[in-house]
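Engineer: Sequence first, then the predicted structure, then my questions.
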Amino acid sequence: MQPALLQQWVAVAAAMMLLVVFALLAQRHMRALLRWFALQGVVLALTSALVAFVANVPELYISALLALILKGFLLPWMLWRIVINLGMHREVEPLVNVSVTLLIGAALVLFSFYVSLPIEKLSQLVTRNTIAIALACVLLSMLMMITRRKAITQVVGFLAMENSLFFTATSATYGMPLLVEIGVAFDVLIAALIFGLFFFQIRKTFDSLDIEHLEDKH
Amino acid sequence: MSLWIWNLIEALLIIGIAPLMTAFVKKLKARLQNRQGPPLLQGYRNLIKLFARQPVLASQASWLFRAAPYVIFAATALAAAIMPVILVDTPLTAAADIIALVALLALARFFTALAAMDVGTAFGGMGASREMTFAALTEPAMLMSIFVLSMVAQSTNITAMIDMVLTPELTLRPSLAFALAALVLVTIAETGRIPVDNPATHLELTMVHEAMILEYSGRYLALIEWANQIKLLLFATLILNLFFPWGIAIYPYTTAILIAAVAWLGKLLVLFVLLALFETWMAKMRIFRVPEYLGLAFLLAILGMLTHYILEVGV
C-alpha cells in the first residue's frame, strides 16, 4: 500500500479512539459503559498494531497484544464481576447533564488541537496528526472522572485515561520502552484489584458507592 | 438545453415515485410485523382520493391556511429539482447550492407551522411549537454535517461535493463517516420517522408532524402528504448521492443515465430496507429525549469537522 493510504488508516483508527471516548462519556447504563470500555481496549490494541505495521516498530506488536489481553478483556471482566457482585446495573449518575458534558467534550477537542499544533510541526512521525486526538482522549477521560458521582464510573474514567495515555505515547513517540509499558500494565492491573477492594469497603461503610459520602467529616 | 430537460425529468421522477417509495417502506414494515400491509400503489390511490374530495375548512381559517399547502409543496418540489439524482451536473444544481436546498426545506417547515397555528386549535399549536423546537436543533446539525463535506470539497455546490467523493484514487476520510452518521440521525428526525416521530399514527399525544396537519383535508392534505413523501425520498437521495454517489451519470448519455437510474433505485431500495428494519427494531423515544438525540447528531457533525482539520488537512 502507498504511504499516504497507510497514514489515512492511522487517521481512521485515531478517529475511532475519539468516537469511543465520546461514547464512554455518553453512556447512561453501567453495563453499556463497561462494554464500551472493553471496546476501547480492543480499538487501542488495533491502533497500536496498525502503527507498528505502518512505522515498522515490531515492539509495538507486543504492547498491542498486552493491551488486547489486559485492557480488552481482563480489566473489563474484573469490573464487570464487581458490578455484578455489588448488584449495581442501574444508571450511571452524572453530576452534569450528558448533553452539556458532550459539548464540553467537543470544546476540549478544539482546545487540544490548538495546544498540540506546535508539537505536530516538530514531529516527523507518521502518527503526528493523531497527537491532538490522543491529547483530547486524555482530557475527555479526565472529564469523565470529574463529572461522575459513583466511585466505579470514576475508576472507569481513570482506566480510560490510562488507555488514552498509552495511545498518546504511541502517537507521539511510537510507544514507551517495552519494559515501562509492561510495568505500567501490571500497575494498572493491581490498581484495578485494589479499587475492587475499595468498592466493597466504601459500600460496607456507607451502603452506597456515591463518593459524596466520603466528604462527610463526622 | 437538453440538460434542462434532464433536470426536469429528474425532478418529475423524484416527485412521481415518492408515493411509491413511501408505500414500499410501509409494506415492508407490515411484512416484518407479520401483517399483509397495503398494496404498493396505495400511495397513489390515497392521493387521487384526496384530490377528488372537497376540502373542509374551519370557519376562522384565513387565506394563509389555504395558501400554505401550495407553498409547502412548491418549496419541497423545488428542493427536489435542485438535488442531482441521476445526473451530476444539472443547471439548477449549478444555480442553487446546498444551503439553498436546506433553506427551501426550512421554508416549507415554517409554513407548516404557520398554518398549524392559523386555525387556533390546541393540537396545531402544540405540534408547531414542538416542530420549531426540534427545527432549532436539526438545522444546525444538518448544516454542520453538510459543511464537513463542503469543507473537504471546498465548495457548497452539490455537484462539486459529489465530484470530490467520486475522485478515482481511494482516500479514507474519517470526517466523512462522522458527517454521514450525523446526517442519518438528522434525516430520521427531519422526515418524522421512528424513534423521533411515528409516521403511522394520528392518535398519539407525542406526535409532531401529524399534529400540525390535523385540520387539513381534501386536496390540501393531499399536497402536504405528497410533499412529505418527496421529503423522505429527497433526504434518502441526499445521503446516497453525497456519500455513495458511485454509478451516477457524469455526462448526459442515454446509457450512462439508464445505468445511473438503476443504480439509484437499487441503492434506494437497500436504504429503505434498512429503514424498515430499523423502525421495526426501535421503539419511539420519549419526546424529552429528542433534544438529546439531536444534540448527539450535532456533536457528531462537530467531531467530523474537527477530525477533518486535525487529521486530514495536513495529510
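Structural biologist: Great, that's in hand. Numbering: from 1, shown residues only, chains lettered A, B, ... in the order given.
Engineer: The residue in chain A that chain B sits nearest to and B:Val152, how far apart?
Structural biologist: Chain B sits closest to A:Ala15 of chain A, with a gap of 3.3 Å, by Cβ to the nearest Cβ. Every residue, glycine included, has its C-beta placed from N, CA and C. Going from A:Ala15 to B:Val152 by Cβ to Cβ, to the nearest Å gives 14 Å.
Engineer: Who has more neighbours out of those two?
Structural biologist: Counted by other Cβ atoms under 10 Å in any protein chain shown, A:Ala15 and B:Val152 do not tie: A:Ala15 has more neighbours, with 26 against 20.
Engineer: ok, that one touching B:His308?
Structural biologist: No: at 10.0 Å, A:Ala15 does not count as touching B:His308 under the criterion of Cβ atoms under 8 Å.
Engineer: Find residues that contact each of these two.
Structural biologist: Counting by Cβ atoms under 8 Å, 6 or more residues apart in numbering or on different chains, the common neighbours of A:Ala15 and B:His308 are B:Ser175.
Engineer: is it true that A:Lys57 lies in a helix?
Structural biologist: Actually, residue A:57 is Val. It isn't Lys. No: counting by DSSP: H, G, I helix; E, B strand; the rest coil, A:Val57 falls outside a helix, being coil.
Engineer: Can you give me every residue that contacts it?
Structural biologist: Per Cβ under 8 Å, 6+ apart, neighbours of A:Val57: A:51, A:174-175.
Engineer: Chain A contacts on the stretch 201-315 of chain B?
Structural biologist: Counting by Cβ under 8 Å from any Cβ of the partner chain, the residues of the stretch 201-315 of chain B close to chain A are B:291-292, B:295-296, B:299, B:302-303, B:306-307, B:309-312, B:314-315.
Engineer: Pick the one among the residues you listed closest to A:Phe199.
Structural biologist: A:Phe199 lies nearest to B:Glu292 out of those, by Cβ to Cβ, at 29.3 Å.
Engineer: Please identify the helix or strand for the closest one.
Structural biologist: Secondary structure assignment for B:Glu292, by DSSP states H and E: helix B:290-307.
Engineer: Next one: the closest residue to chain A within chain B from B:Leu13, what distance?
Structural biologist: Nearest to chain A, among the residues of chain B, is B:Pro174, at 3.3 Å (Cβ to the nearest Cβ). Per Cβ to Cβ, B:Pro174 is found 34 Å from B:Leu13.
Engineer: neighbour-wise, which of those two wins?
Structural biologist: Each of B:Pro174 and B:Leu13 has its neighbours counted (other Cβ under 10 Å); B:Pro174 has more, 25 against 17.
Engineer: pLDDT score for the more buried one?
Structural biologist: Looking at B:Pro174, its pLDDT is 88.
Engineer: contacting residues around it?
Structural biologist: Contact analysis of B:Pro174 by Cβ under 8 Å, 6+ apart lists A:11-12, A:14-16, B:307, B:311-312.
Engineer: among those, which are in helices?
Structural biologist: Among the contacts of B:Pro174, DSSP state H puts A:11-12, A:14-16, B:307 in helices.
Engineer: can you give me how far the helix or strand containing B:Ala141 is from the chain middle?
Structural biologist: Using DSSP H and E, B:Ala141 sits in helix B:122-153. Computed by Cα atoms, centre = their mean, to the nearest Å, the chain-centroid distance of helix B:122-153 equals 12 Å.
Engineer: and it, does that touch chain A?
Structural biologist: No: Helix B:122-153 stays clear of chain A (Cβ under 8 Å from any Cβ), getting no nearer than 10.3 Å.
Engineer: All good on my end, thank you.
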